[in-house]
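> Give me a 3D structure for the following:
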Amino acid sequence: MELRQLKYFVKVAETLNFSEASRTLFITQSTLSQQIKQLEQEIGSPLFQRDSHRVCLTEAGSELLPYAVRTLQASQLCLERMNDLRELLAGTLNIGVTYSFSPILTETLLDFMKLYPGVKLNIFYKPMAELMDMLVEREVDFVLAFKPKEPLACVESHSLFQNFLTVVVNSNHPLASKQKVTLAELSEYDLALPARGLQARNYFDAVIAPKGIDMRVRIELNEVNILLKLISCSSLATVLAEATTHNVRGVKAVPLDIPANEMTGCVHTLRDSYHKRSMCEFIKMLSESAAIRERVNAWL
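The predicted structure is shown next:
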């Protein structure tokens, strides 16, 4: 049994289509079929049931699949450990980031690329729920996001800084001169809010739901950068984490006057998983960046 054969088997199990799997693996369909057949001969049982209409796993295939996935993951971790033992650093670092963290990440990304040009960075900007799924599936090495209200048992959340919800307006907006904004004051203005499912929106909805306050929501967007540009050139207001406005010109973030207005910025990792040296170095640099230190000091 070879790792290559297990890789081919897992890909076919994922797609349930030999043609699609062969294209993804960059091999011919005949080569793929031959390798699967050899694996089946070694195991002594067919792994797939095939007919002219569909492909599905047999009982033996279903039993083998989780072991094959774990074996491939262990093999990949072994390679990563060996790579890390070389001078530092090579390979790939996959980072999941929620939209709120985007502005405070730029400084560390630029510094990391200068120090470690041999490491390829893949950055995924998505809502937190999608990123957590990617983390569990090991499609990202870690996730930068606020602490969820209902954490996953297999995920560890390491605090980076404390943040808070703010009302974000352009610099000439009537609310820009206030020290804090109440929900009653906010309800008097037209709002452009982040889409439902984004963390700031989840926190905000949880605050206003029990109070029964009607907000004048005119627009909902799932792209925070466009949302901030809209705020900067209009009379609309929005509600975002303060960190989201880092280095954004033309807007003012005013704390929302609500009880327990606290959001914990975290690094989320899989529990009991191997941490790449590139990941540890990136997180260390991020925790020491001006963007993070400003928020730690501001909160204290």
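> Outside of stretch 177-196 itself, list whatever touches it.
Identification of contacts with stretch 177-196 by CB atoms under 8 Å, 6 or more residues apart in numbering yields 99, 167, 175, 200-202, 204-205, 207-208, 211, 213-222, 224, 227, 230-231, 234-240, 254-258. For every residue, glycine as well, the C-beta is placed using N, CA and C.
> Please pick the buried ones from the residues you listed.
Those of these that meet the buried threshold are 99, 167, 175, 200-202, 204, 207-208, 215, 221, 224, 227, 230-231, 236-240, 254, 256-258, by 16 or more other CB atoms under 10 Å.
> Filter the residues you listed down to the ones in strands?
Those of those mapping onto strands are 167, 221, 238-240, 254, per DSSP state E.
> Relative to residue 80, which of these is nearest.
The nearest member of these to residue 80, counting by CB to CB, is residue 240 at 35.6 Å.
> quick one, helices of the chain?
In the chain, the segments counted as helices under DSSP state H are 3-15, 18-25, 29-43, 59-85, 102-115, 128-136, 183-186, 199-208, 224-232, 277-287, 290-299.
> So this protein: which segments form each domain?
3-84, 88-162+263-299, 165-255 (automatic domain parsing).
> Please convert these to JSON lines, extending it with mean pLDDT.
What follows is the domains of the chain, written out as JSON lines (pLDDT from 0 to 100):
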{"stretch": "domain 3-84", "mean pLDDT": "90"}
{"stretch": "domain 88-162+263-299", "mean pLDDT": "87"}
{"stretch": "domain 165-255", "mean pLDDT": "92"}
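> And residue 169, how close does it get to residue 235?
In this structure, residue 169 and residue 235 are separated by 8 Å, where distance is defined by CB to CB, to the nearest Å.
> before we move on, what about residue 114?
Residue 114 sits 41 Å away from residue 235, taking CB to CB as the criterion.
> try residue 108
Computed as CB to CB, the residue 108 to residue 235 distance reads 34 Å.
> try residue 292
Distance of residue 292 to residue 235, computed by CB to CB: 32 Å.
> surely residue 101 meets residue 263?
No: taking CB atoms under 8 Å as the contact criterion, residue 101 and residue 263 are not neighbours in contact, 11.2 Å apart.
> Of those two, which one has the most company?
residue 101 (25 against 20; other CB atoms under 10 Å).
> Not counting sequence-adjacent ones, nearest residue to that one?
Distance criterion CB to CB, 6 or more residues apart in numbering; nearest residue to residue 101, sequence neighbours excluded, is residue 144 at 4.5 Å.
> Contact partners for the one you found?
By CB under 8 Å, 6+ apart, the neighbours of residue 144 are 95-98, 101, 105, 160, 265-268, 286.
> Take these and keep only those in strands.
Restricting the contacts of residue 144 to those inside strands, with DSSP E as the criterion, leaves 95-97, 160, 265-268.
> Which one of the residues you listed is nearest to residue 38?
Comparing the ones in strands among the contacts of residue 144 against residue 38 with CB to CB places residue 96 closest, at 37.0 Å.
> Touching, the closest one and residue 140? I think so.
Yes: using CB under 8 Å as the test, residue 96 is close enough to residue 140 to be in contact (4.0 Å).
> Correct me if wrong: residue 146 contacts residue 100.
Yes: contact between residue 146 and residue 100 holds when scored by CB under 8 Å: they sit 6.7 Å apart.
> Angles on the backbone of residue 54, please.
The phi and psi torsions at residue 54 (degrees, to the nearest 10) take the values phi -160, psi 170.
> Sorry, wrong one. I was asking about residue 250.
Backbone dihedrals for residue 250, given as degrees, to the nearest 10, come out at phi 80, psi 0.
> Can you lay out the helices of the chain as TSV showing distance to residue 50?
Formatted as TSV, the entries for the helices of the chain read as follows, by distance: least, CB to CB, whole Å:
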stretch	distance to residue 50
helix 3-15	10
helix 18-25	8
helix 29-43	9
helix 59-85	11
helix 102-115	46
helix 128-136	30
helix 183-186	60
helix 199-208	45
helix 224-232	47
helix 277-287	41
helix 290-299	54
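> about what we covered before: who touches both of residue 96 and residue 140?
By the contact definition CB under 8 Å, 6+ apart, residue 96 and residue 140 are jointly contacted by 124, 131, 134.
> Apart from its neighbours in sequence, what residue is nearest the first one?
With CB to CB, 6+ apart as the measure, residue 96 is the residue that lies nearest to residue 124, at 4.9 Å, once sequence neighbours are left out.
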